[in-house]
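**Student:** fold the following.
(one chain, ligands or ions: 1)
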Amino acid sequence: MKSPKKVYLENLNKTFITTGNDKVVAVNNINLKIKPGEFATMLGPSGCGKTTTLRMIAGFEMPTQGKVYIGEENVATKTPDKRDTAMVFQNYALFPHMNVFNNIAYGLKIQKRPKSEIKERVQRILKMMKMEDFSERVPGQMSGGQQQRVSLARALVMEPGVLLFDEPLSNLDAKLRIHMRDEIRKIQQNVGITSIYVTHDQEEAMAMSDKVIIMNAGVIEQEGTPQEIYQRPVNEFVANFIGRANIIDGEIEGISGKDAIVNIHGISYRTKAYKNFQTGQKIRAVIRPEGVIVGKQDFIVKVEKSVFMGQNQEYGVDFFGANLEISENNPTGKTIYRAGEQMGIGFEERALHIL
Ligand SMILES: Nc1ncnc2c1ncn2[C@@H]1O[C@H](COP(=O)(O)OP(=O)(O)OP(=O)(O)O)[C@@H](O)[C@H]1O
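**Tutor:** So this is what the prediction gives:
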């Protein structure tokens, strides 16, 4: 395999002009650095521009402005075949009349590689993907998951510097999706190839990625590791988009080294500050449902919803007129509160994140 390449996007823009002559700014001046060998996932609501960004990296779409570096080269105006990328598509895009071997071999044949090399490379990929027994089958004789593996094999056999994935698992059922995402991640780590992945599915993004890029309305809201995005969202959009978030009001009581003392409805909590805050400043903070401690007596609240989910007991409580979601892990043997009852709660200090 060749060495993986970095992907840098610089001030990248894409404005579409529709048939009605409307301007749609699909991608609005984004900057992004993906390191060689990194698995980066673009995630965001429908229409946020993630597919357009991926297609500009692949060369299926030309930027209105900006640069696309693959390795050291700005490829922004080059055709897809000149970019050292390969794409795995949502609909597999296999040739229906060709068997698996020939589907995988296709790109190498176009490159006019010697027959012996083609055979050796295709067989190596088939073996790596544990698909040797499928080489004679045509796509119609395989399940969706198997077809998607062929589609991945066809991309990998080209030994591209960068592998691109456009929602590759969204046509598969939930169980197979989980299996396939683990498989893709394992193969990606074995091969060490730079990968850029587009999905709607936040769990998929969290499970697979070194870096998650949250997009919204054509811009990048935040990029970081799954932990950073979940534990330290930069704003309410990201907090609400990834996982479940309670957003609560508070006031900065004081600063102590790297910590802030934050007053939430009369109770003081000490937590790490990731920005500069001033004493007296009104703030909003995020607390995840699992960061609320049931049984503490900081606040007495009324339970409005109580649902047993096996691993967790899920509560909805009234917290100063707004709903607060609580997820108590491993409820076996603990007091279960019912709707209508009063319950004491508090916040786990480290889990409180000031926006
Ligand atoms: N060819 C086009 N002509 C006009 N507008 C377009 C075109 N392609 C995309 N758009 C618009 O650009 C915006 C971004 O689209 P894009 O497909 O990149 O979003 P997305 O985040 O991938 O969404 P989804 O998750 O629904 O696929 C949308 O508002 C979309 O309607």
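**Student:** pretty sure residue 301 is touching residue 343, no?
**Tutor:** Yes: if you go by Cβ atoms under 8 Å, residue 301 and residue 343 touch, sitting 5.9 Å apart. Just so you know, the C-beta spots here come from the backbone N, C-alpha and C atoms, and that holds for glycine as well.
**Student:** is the ligand within reach of stretch 227-243?
**Tutor:** No: residues of stretch 227-243 are not located near the ligand by Cβ under 6 Å from any ligand atom, the shortest gap being 12.5 Å.
**Student:** ends of that stretch, how far apart?
**Tutor:** For stretch 227-243, the separation between the terminal residues is 12 Å (Cα to Cα, to the nearest Å).
**Student:** now do stretch 14-34
**Tutor:** Stretch 14-34 has its terminal residues 20 Å apart, counting by Cα to Cα.
**Student:** what residues does the stretch 1-150 of the chain put near the ligand?
**Tutor:** Checking the stretch 1-150 of the chain against the ligand by Cβ under 6 Å from any ligand atom, the hits are 16, 18, 24, 26, 44, 46-52.
**Student:** quick check: the residue of the stretch 151-300 of the chain nearest the ligand.
**Tutor:** Proximity to the ligand, evaluated over the stretch 151-300 of the chain using Cβ to the nearest ligand atom, is greatest for residue 200 at 5.5 Å.
**Student:** for burial, what's the neighbour tally of that residue?
**Tutor:** 14 (other Cβ atoms under 10 Å).
**Student:** now the one 5 residues further on
**Tutor:** Using other Cβ under 10 Å, residue 205 has 25 other residues around it.
**Student:** quick one: which helix or strand includes it?
**Tutor:** Secondary structure from DSSP states H and E places residue 205 in helix 202-208.
**Student:** give me the buried positions along that helix.
**Tutor:** The neighbour-count check on helix 202-208 (16 or more other Cβ atoms under 10 Å) flags 202, 204-206, 208 as buried.
**Student:** against residue 48, how distant is residue 85?
**Tutor:** Distance, residue 85 to residue 48, by Cβ to Cβ, to the nearest Å: 22 Å.
**Student:** swap that for residue 286, please
**Tutor:** Using Cβ to Cβ, we find residue 286 at a distance of 21 Å from residue 48.
**Student:** again with residue 349
**Tutor:** 33 Å.
**Student:** which residues of the chain fall in helices?
**Tutor:** 50-58, 100-110, 115-128, 144-156, 174-191, 202-208, 226-231, 236-241 (DSSP state H).
**Student:** give me the mean pLDDT for the fourth one.
**Tutor:** Averaging pLDDT along helix 144-156 yields 89.
**Student:** tilt between that helix and helix 174-191?
**Tutor:** Comparing the axes of helix 144-156 and helix 174-191 via axes from the mean of the first three to the mean of the last three Cα atoms, to 10 degrees yields an angle of 20 degrees.
**Student:** other SSEs contacting helix 144-156?
**Tutor:** The elements that helix 144-156 packs onto, with contact taken as 3 or more Cβ pairs under 8 Å, 6 or more residues apart in numbering; DSSP states H and E, are strand 85-88, helix 100-110, helix 115-128, helix 174-191.
**Student:** cool, and the last one?
**Tutor:** Identification of packing neighbours for helix 236-241 by 3+ Cβ pairs under 8 Å, 6+ apart yields strand 211-216, strand 219-224, strand 246-256, strand 282-287.
**Student:** give me the angle between the second one and helix 50-58.
**Tutor:** What it means is strand 219-224. Using the same axes, to 10 degrees: strand 219-224 against helix 50-58 is 80 degrees.
**Student:** what residues sit buried inside strand 219-224?
**Tutor:** 220-224.
**Student:** okay, those in TSV with pLDDT next?
**Tutor:** As requested, the buried residues of strand 219-224 are exported to TSV (pLDDT from 0 to 100):
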residue	pLDDT
220	98
221	98
222	98
223	97
224	97
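**Student:** just put these in TSV and tack on distance to the ligand.
**Tutor:** Shown next, in TSV, are the buried residues of strand 219-224 (distance: Cβ to the nearest ligand atom, whole Å):
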residue	distance to the ligand
220	12
221	13
222	16
223	16
224	19
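**Student:** would TSV of those residues with distance to residue 156 be doable?
**Tutor:** Output for these, formatted as TSV (distance: Cβ to Cβ, whole Å):
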residue	distance to residue 156
220	28
221	31
222	30
223	26
224	28
